Every structure is written in structure tokens, then in C-alpha cells.
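Give me the fold of what follows.
(chains A, B, C and D)
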Protein chains: 2
Amino acid sequence: MKWKELEEEPCSMARTIGVIGDRWTLLILRECFLRTRRFEGFQSALGITRHLLAERLKKLVRLGILRRIPYQEAPKRHEYILTQKGLDLYPIMMALVHWGDTHMVDERGRPLLHQHRKCGKDFDPVMVCSECGEPLLAKEVHTHPGPGAQSPLTIAAPDKPKAKARRSAA
Amino acid sequence: MKWKELEEEPCSMARTIGVIGDRWTLLILRECFLRTRRFEGFQSALGITRHLLAERLKKLVRLGILRRIPYQEAPKRHEYILTQKGLDLYPIMMALVHWGDTHMVDERGRPLLHQHRKCGKDFDPVMVCSECGEPLLAKEVHTHPGPGAQSPLTIAAPDKPKAKARRSAA
DNA sequence: ATTTGACAGTTCGATTTTAGAACTATAGAG
DNA sequence: CTCTATAGTTCTAAAATCGAACTGTCAAAT
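So this is what the prediction gives:
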């Protein structure tokens, strides 16, 4: 599969993975949410090669997840700020953190805690149903085709594959 | 940075990324949640090379995210089932899907809808605070060091770097 | 006036990963 | 005893990443 194709697959998750589904991009976004804004800041915080960092930042800007904003004219310099589209990635970040907190901590406990300003307490993120507010469990969710449907996970396609593994772009 | 190190960094998100932060692993997990269980199933649904698929499945089993269970003796064959640790990745998957639904759909609309059996309605996943139940916004969350803390995102380390970019493992 | 340092990249050879295709192995069906 | 299904393994070529050095601009220090 070509990774460019991912972004066009009829599966929202595949498309999202096409955008942010690699290690460096995810780590760069972590830094963004921790208020890092400048090239050197990302580079020294992550130890990423400058080459890749430049490339990834360009991609994130092109995709509208970061905005490149000048902060001085002298030698022209810019900083990278999350757009609303980027800020909307927050639930993904929190979900990643929470799984790590649950399954990857060592004896010392969590590296970071999160405090909710609204209520003042340290919290865990919980994913709930927008309609009834109940926490979501995989087993209680039924997936079915929507208007933009047309394949991948939709159905166990009833086209008796003789063998030969069709489907290059699943 | 060596990717093995990621799993030991004092950042739950980095650790999670070390485990599931690559394209194929994420897509394999998508298939798991869609009830794919067998090698050929993953391979033909994703078009992944058999080599990588074998390697990734092995890793997921080693990490306790999938369990390898025999389903026939004749020629010994196994299927791959999500463990509880694996099922706990569900909020991450839903968060990825939801971002894609919001920002990556084309004119035709969502490829997939999700119905909550509890309330019977098609829903969106919403991330809320475990303490007060309010939806989480990045700006309302304050991050602070926990018991297992000791660095990365914790503080702008007060150790005047002369230049030279220290910190290989941020 | 020249050097040094901060910042934001770019370039390039060496290494590591991934892609793509073929090959191995076991066993039932025809 | 050949064909097919299933689950891998092996091998070479192509692509991505690493690591380190280099470019360019400007301010401040010498």
C-alpha cells in the first residue's frame, strides 16, 4: 500500500492514520500540546533529526494542523501553532496517555497528572456516548455503513474470492 | 532515538506510541476491533506484506495486546484475539475515527456510523473528565508531574544548555 | 571588523525498514 | 498425487531514517 492512498480510503480511521500515524508526528504533536512552538524547541526536546523535523512540520502545516506564524522580522522566523483542527486531536492524545497510564507505568506510578481547571481535580479521560453519556465499551458498539461507505470494514464482501488475494487497496 | 527506548520514557504517551505508534500496527488493531482474527484475514484486508504482518502480530502478542489461540490441531493453526489490554485501546481507536469523521470526510459523508446498543442511537465519542463529567478541552487541562515523573515535558529544565543540544532521550 | 552564538533550515552518505515476490510446510479434497 | 487453504519464512530491491556537517541571517560581544 502506498501511504498517500491511506488518506483517501473510505475509513476515517485509515485517513487519520495517514495524517498522524507515525511516531515522529505523534511526538511532535505531543510537544505542541505542551506549548513547544519553535524548530529548535522540537528538535532538542525530541532528538529528532533536523531533516525529518522540517519535513514533518511542513506536512502538518500543509494539512492544516499547524499554522506557521512569523514571530520576528529581523531574520525571518516563524513558530508553529496548533490550529483548531490540530487542537481537535486532543482526545486522541489523551486517549494515548491514558492507555499508557493504565498499562505501561512502572512501580513509580504516573509520570504526569492532569488537572481539570473546571472542577479542580486530577482526572482520567473517559470516552462516553454523545447521546446517552454512558461510557463506551467496544462490545456495546455496532458499526454500520454510513453515507460515505463503500467498503473496507463494511462487510465481509460476498464476492467469493477464489484465492489469489485481491484487494491491493483494502 | 532508538524506538525501544520509547517504551521506557517517563511519558505515558511516548510509551504508548512505542507500542502502537506505527501505521501497520494501528491498522492491524483496527481489523481486530472489526473481528478479524486470522493471518490471512489481516493480510488480505490490509495488503500488508506477510513478513511485516508476522512480525507485528508477534510483537502485539509479546506485549500482551493480542493472545494467540489455537483453533485447530490438524495443521496447528491459531487466531489472534484482543486481550483486555488490547480492548482497552478502544478509546484510542474511537478518537482516531472521530477526528477523521470531523476533518477528513469528503462530500459523501462518513464511511461508517457507530450505534450504541445501550441507547440505540448513532453517536459520536466524547471525551469527558472522570471527576465532573464535563467534556475536556485542551485549554482547561493543566499538566503537572506525578509520582513517576522526572522529566520530559515536566519543566523547561533550568540547566542552561550552553548550546550543543543535550538530551538524546528527551 | 571579525568572531561567536542563536535559530531555522538543507544536504548527503550510511544504516535500517519496508515492499514485493517467491518459497516452505501441513493436511484435507478430488 | 496434485490442488487448495492456511500460516508463515526468506531474499533482494527500494524507500525512509539517522547522523553529522553545512548554509544563511542577524545580533551581540570582542
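
residues touching the most centrally placed residue in chain A, list them.
Residue closest to the mean C-alpha point of chain A, counted by C-alpha atoms, centre = their mean, is A:I20 at 4.9 Å. Contacts for A:I20 (C-beta atoms under 8 Å, 6 or more residues apart in numbering or on different chains) come out as A:26, A:29, A:65, A:89, A:92. Backbone N, C-alpha and C define where each C-beta goes, glycine included.

out of those, who's nearest A:M13?
A:I92 (10.8 Å; C-beta to C-beta).

Point me to the helix or strand that includes the residue lying closest to the closest one once chain neighbours are set aside.
Nearest residue to A:I92, sequence neighbours excluded (C-beta to C-beta, 6 or more residues apart in numbering or on different chains): B:A95, at 4.3 Å. Under the criterion of DSSP states H and E, B:A95 resides in helix B:90-103.

all helices in chain A, in order from the N-terminus.
Per DSSP state H, chain A carries helices over the ranges A:3-6, A:12-20, A:23-33, A:39-46, A:50-62, A:84-87, A:90-103.

which other residues reach the first one?
For helix A:3-6, contacts defined as C-beta under 8 Å, 6+ apart pick out A:14-15, A:17-18, A:21, A:169, B:23.

ok, now with 10 Å
With contact meaning C-beta atoms under 10 Å, 6 or more residues apart in numbering or on different chains, helix A:3-6 is reached by A:13-19, A:21-22, A:168-169, B:23, B:27, B:47.

are any of those buried, and which?
Buried members of the contacts of helix A:3-6, counted by 16 or more other C-beta atoms under 10 Å in any protein chain shown: A:13-19, A:21-22, B:23, B:27, B:47.

what stretches of chain A score poorly on pLDDT?
A:151-170 (pLDDT under 70).

Please repeat the previous calculation with a cut-off of 50.
A:152-170 (pLDDT under 50).

circling back to that earlier point, could you give me the buried positions within the helix holding B:A95?
In terms of neighbour count (16+ other C-beta under 10 Å), helix B:90-103 has its buried residues at B:90-101, B:103.

Next to DNA strand C in this structure, residues from chain A, please.
With C-beta under 7 Å from any atom of the strand as the criterion, chain A comes near DNA strand C at residues A:1-2, A:38-41, A:49-51, A:54, A:57, A:75, A:77-79.

Of those, just say which sits nearest to A:C129.
Out of the residues of chain A next to DNA strand C, the member with the shortest distance to A:C129 (by C-beta to C-beta) is A:M1, at 32.5 Å.

related to what we said a few turns ago, let's have the contacts of helix A:3-6 in JSON lines, adding distance to A:L113.
Below are the contacts of helix A:3-6 laid out as JSON lines (distance: C-beta to C-beta, whole Å):
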{"residue": "A:M13", "distance to A:L113": "29"}
{"residue": "A:A14", "distance to A:L113": "33"}
{"residue": "A:R15", "distance to A:L113": "32"}
{"residue": "A:T16", "distance to A:L113": "27"}
{"residue": "A:I17", "distance to A:L113": "29"}
{"residue": "A:G18", "distance to A:L113": "32"}
{"residue": "A:V19", "distance to A:L113": "29"}
{"residue": "A:G21", "distance to A:L113": "27"}
{"residue": "A:D22", "distance to A:L113": "28"}
{"residue": "A:S168", "distance to A:L113": "46"}
{"residue": "A:A169", "distance to A:L113": "43"}
{"residue": "B:R23", "distance to A:L113": "31"}
{"residue": "B:L27", "distance to A:L113": "32"}
{"residue": "B:G47", "distance to A:L113": "41"}
